[in-house]
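*Asks:* prediction below, plus the sequence it came from.
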Amino acid sequence: DQQVKQNSPSLSVQEGRISILNCDYTNSMFDYFLWYKKYPAEGPTFLISISSIKDKNEDGRFTVFLNKSAKHLSLHIVPSQPGDSAVYFCAASGGFGNEKLTFGTGTRLTIIP
Amino acid sequence: DTGVSQNPRHKITKRGQNVTFRCDPISEHNRLYWYRQTLGQGPEFLTYFQNEAQLEKSRLLSDRFSAERPKGSFSTLEIQRTEQGDSAMYLCASSFVTGQGNPTNEKLFFGSGTQLSVL
């Protein structure tokens, strides 16, 4: 059972425009959500996180929005830059027995110069 | 802070052979995780340690897999009698948490992984 879902395997965005990556989850016990970025041949790198007590967290060009009622979160990157081209993973944790992170399948973001 | 270090970066082996990977976490981190990632998938949890204690193992982890963290520092992951289905990227991650309970806001730092190819 896929508890964290990223339904878009790929996304292409023009440089300078906004990139929006989406993530849905099914486990209502999840209370902490993270986005990781991964370049080829490297491990995932932490990007931004949000606790379930918030609905928005912002860090520079990156903003994560959380809609608990819809069990949905999104990552906004604005403006998008060529260096943002990577695979982005959504991850979640929380609740008894769910201390470890559960990852989605990833979205490959390509920024077009 | 040199980050999480994994060795080797690549391993090619023949089916039926044993392989061992090593992970050196960030020095002050007390938790260490092993994940596996196959093409087109996100990282899948295998097991984790708090200090030297192995606290959880995924049902994905068959009895051919064993992990240790003998002194609460580096960890090894051994796969015995490798199969072609074991081919994957094996990722190690570490974190620091206080107390024994379910931590909030735990952030994992990943190494670059060991790419295993079983021929």
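*Replies:* Thanks, I have it. Numbers count the residues shown, from 1 in each chain, chains lettered A, B, ... in the order given.
*Asks:* so, low pLDDT: which residues of the chain?
*Replies:* No chain specified, so I'll use chain A. When residues are selected by pLDDT under 70, those of chain A lie in A:95-99.
*Asks:* hmm, I had chain B in mind actually
*Replies:* B:1, B:99-105.
*Asks:* contact residues of it facing chain A?
*Replies:* Neighbours of chain A within chain B, by C-beta under 8 Å from any C-beta of the partner chain: B:4, B:6, B:33, B:40-45, B:48, B:56, B:91, B:93, B:102-113, B:115. Where C-beta positions appear, they are placed from N, C-alpha and C, glycine not excepted.
*Asks:* quick one: buried ones out of those?
*Replies:* With burial judged by 16 or more other C-beta atoms under 10 Å in any protein chain shown, the buried subset of these is B:4, B:6, B:33, B:41-45, B:48, B:91, B:93, B:103, B:106, B:108-113, B:115.
*Asks:* for the residue nearest in space to the middle of chain B, give its distance to residue A:53.
*Replies:* With distances taken as C-alpha atoms, centre = their mean, residue B:34 lies nearest the centre of chain B, 2.4 Å away. Residue B:34 sits 30 Å away from residue A:53, going by C-beta to C-beta, to the nearest Å.
*Asks:* that older thread, can I assume the residue nearest to the centre of chain B sits in a strand?
*Replies:* Yes - secondary structure assignment places residue B:34 in a strand (DSSP: H, G, I helix; E, B strand; the rest coil).
*Asks:* show the contacting residues for the residue nearest to it when sequence neighbours are not counted.
*Replies:* Among residues not flanking residue B:34 along the chain, residue B:46 sits closest, at 4.3 Å (C-beta to C-beta, 6 or more residues apart in numbering or on different chains). Neighbour list for residue B:46: B:33-36, B:57-58, B:60-61, B:65, B:67, B:77 [criterion: C-beta atoms under 8 Å, 6 or more residues apart in numbering or on different chains].
*Asks:* neighbour-wise, which of those leads?
*Replies:* Neighbour counts for those peak at residue B:33, which has 28 neighbours (criterion: other C-beta atoms under 10 Å in any protein chain shown).
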